[in-house]
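Visitor: Here's a sequence, model it:
(one chain, ligands or ions: 1)
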Amino acid sequence: MINVIGLGYIGLPTALMLASHGVEVIGTDYNQTLVETLNRGQTTFSEEGLEQLFADALAGGVRFTTEYQSTEVYIVSVPTPYDEVSKKIDPCYVVAAVEKILTICPEDAVIVIESTVSPGTIDRFIRPLCEGRQVSLVHAPERIIPGNMVYELEHNSRTIGADSPAVGERIRRIYSSFCKGEIVVTDIKTAEMTKVIENTYRAVNIAFANELAKLCYYENMDVEEIRRICNMHPRVNILAPGPGVGGHCIPVDPWFLVGDYPEHTPLIAKAMEINEKMPDYIFKRICAMMEERGITDLSRVGLYGLTYKEDVDDVRESPTLQLLSRHPLPFRVYDPMVSRELVKGQYTDYTAFLDAVDLVVVMVGHSHIRANEAALDGKWIFDTRNVLKNAATYKL
Ligand code: SAJ
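Guide: Predicted structure coming up:
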């Protein structure tokens with residue numbers, strides 16, 4: 001049996017995937033409400049294919065509880081935030097989970113850490129907890145992308161870091177129950193480094209795109225045309241500039257490296273700073289547009305999109321929330337994926353939102369706005385994601 005600890009965006013699909021492929025799984029989360037929701041047969045976030053996967057997992061006997069179980073394999077998927085001052089990883093949730101596992105697990109248990117951790121975290125913070133115990137540690141970071149999680153969970157290749165080939169092989173066999181991609185077995189610290197570097201690579205490349213967008217605006221040039229042409233080169237792939245970087249991974253994980261190795265990471269630190277400042281850049285551009293169009297009342301400016309990217313309902317670290325927290329002004333806000341009220345000035349009705357504003361700032365390129373471009377007729381539009389075909393008055 002496998003006990004999956006932490007039933008969030010990664011732990012839940014992983015537990016469901018295992019259970020729907022014949023593995024006995026119990027999912028544990030300390031959040032009672034979340035466990036009750038799952039036990040009522042409801043998923044806790046929306047994601048393509050998740051409902052069907054849930055149904056399959058229930059048929060496969062998956063169970064949910066707030067209690068840790070005594071079993072031979074644990075998969076830990078709890079958050080790993082960073083300390084905002086030191087930028088170092090804050091491993092408190094992983095440490096707490098492993099401490100609890102150790103109070104209940106049998107000898108010879110394997111504890112698989114899926115949570116993203118900086119290189120050396122398992123050696124520094126987790127291994128000492130296990131001293132004198134016959135348990136094995138493994139790091140099996142995930143690579144799935146919100147918006148396409150279920151497909152990627154099954155098809156992406158993945159990495160397993162273990163102290164011995166035998167333990168690595170044991171865990172590889174478990175993941176290969178559902179994973180059709182190649183599963184590479186390596187050592188723990190290498191696995192830790194690969195995961196953080198994958199997300200850092202993306203952060204740095206997004207920062208490059210954002211810097212290019214600012215440069216093109218300064219030169220009054222079209223960044224999208226420049227990207228389109230450059231990306232025709234067989235070895236160039238410039239990512240999309242945008243209003244900032246959100247989610248729980250790309251704006252977080254690269255800081256672990258800056259925190260632990262400040263003298264070796266000036267490029268990464270600068271890239272993170274560029275991405276973090278994008279919401280402020282958007283704010284400045286909004287102010288300039290207001291002046292140009294004679295809009296004096298900020299409540300006539302509508303921010304479209306609260307989530308961190310298109311077609312997901314996850315708002316963590318979203319550029320819109322970053323902008324609003326730094327500039328708490330009377331903007332109007334609307335997001336078709338978010339029905340609960342999160343910020344002041346938020347609308348749940350699109351028509352009412354549009355009626356209330358003169359300038360619409362597209363912060364997220366949801367399919368919804370792309371499919372309803374005509375509704376924007378008569379508005380000034382600032383398309384920070386370059387998703388509209390005709391309606392945009394201003395681009396990034
Ligand atoms: N973004 C841009 N321009 C781009 C791509 C993304 O501005 O060209 C922005 C998005 O709008 C969003 C943020 O970056 O605000 C992050 O979005 P994302 O789609 O790049 O990544 P996540 O956070 O949804 O998922 C990432 C993925 N990592 C990589 O692609 C290297 C995913 O594979 C990981 O599993 C996930 O982090 C994770 O959990 O670590």
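
Visitor: Do you have the helices of the stretch 101-250 of the chain handy? List them.
Guide: Here the stretch 101-250 of the chain has its helices, by DSSP state H, counting those that start in this stretch, at 121, 149-155, 165-175, 188-218, 223-230.

Visitor: now the fourth one, how far from the centre of its chain.
Guide: Meaning helix 188-218. Remark: helix 188-218 is offset 14 Å from the chain centroid, using CA atoms, centre = their mean, to the nearest Å.

Visitor: okay, the helices of the stretch 101-250 of the chain in JSON lines with mean neighbour count next?
Guide: All C-beta spots, glycine's among them, are computed from the backbone N, C-alpha and C. Below are those laid out as JSON lines (neighbours: other CB atoms under 10 Å):
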{"stretch": "helix 121", "mean neighbour count": "26"}
{"stretch": "helix 149-155", "mean neighbour count": "18"}
{"stretch": "helix 165-175", "mean neighbour count": "16"}
{"stretch": "helix 188-218", "mean neighbour count": "19"}
{"stretch": "helix 223-230", "mean neighbour count": "15"}
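
Visitor: can you tell which of these is closest to residue 53?
Guide: helix 149-155 (5.5 Å; CB to CB).

Visitor: Does the ligand have contacts with that closest one?
Guide: No: figure legend: helix 149-155 not in contact with the ligand (CB under 6 Å from any ligand atom); closest approach 7.2 Å.

Visitor: can you tell me the average pLDDT over that helix?
Guide: Mean pLDDT, helix 149-155: 97.

Visitor: and residue 105, which of the helices of the stretch 101-250 of the chain is closest to it?
Guide: Here helix 165-175 is closest among the helices of the stretch 101-250 of the chain (CB to CB), at 14.6 Å.

Visitor: Up against the ligand, what does the stretch 1-150 of the chain have?
Guide: With the criterion set to CB under 6 Å from any ligand atom, the stretch 1-150 of the chain comes near the ligand through 116, 142, 143, 144, 145, 146.

Visitor: My error: substitute the stretch 251-396 of the chain in the last question.
Guide: So the stretch 251-396 of the chain meets the ligand at 308, 309 (CB under 6 Å from any ligand atom).

Visitor: Quickly note the distance from whichever residue of the stretch 251-396 of the chain sits closest to the ligand to residue 254.
Guide: The ligand sits closest to residue 309 of the stretch 251-396 of the chain, with a gap of 3.7 Å, by CB to the nearest ligand atom. Counting by CB to CB, to the nearest Å, the gap from residue 309 to residue 254 is 17 Å.

Visitor: Residue 315 reaches residue 309, doesn't it?
Guide: No: counting by CB atoms under 8 Å, residue 315 sits too far from residue 309 to count as a contact (10.3 Å).

Visitor: shared neighbours, these two?
Guide: Jointly contacting residue 315 and residue 309 under the rule CB atoms under 8 Å, 6 or more residues apart in numbering are residue 246.
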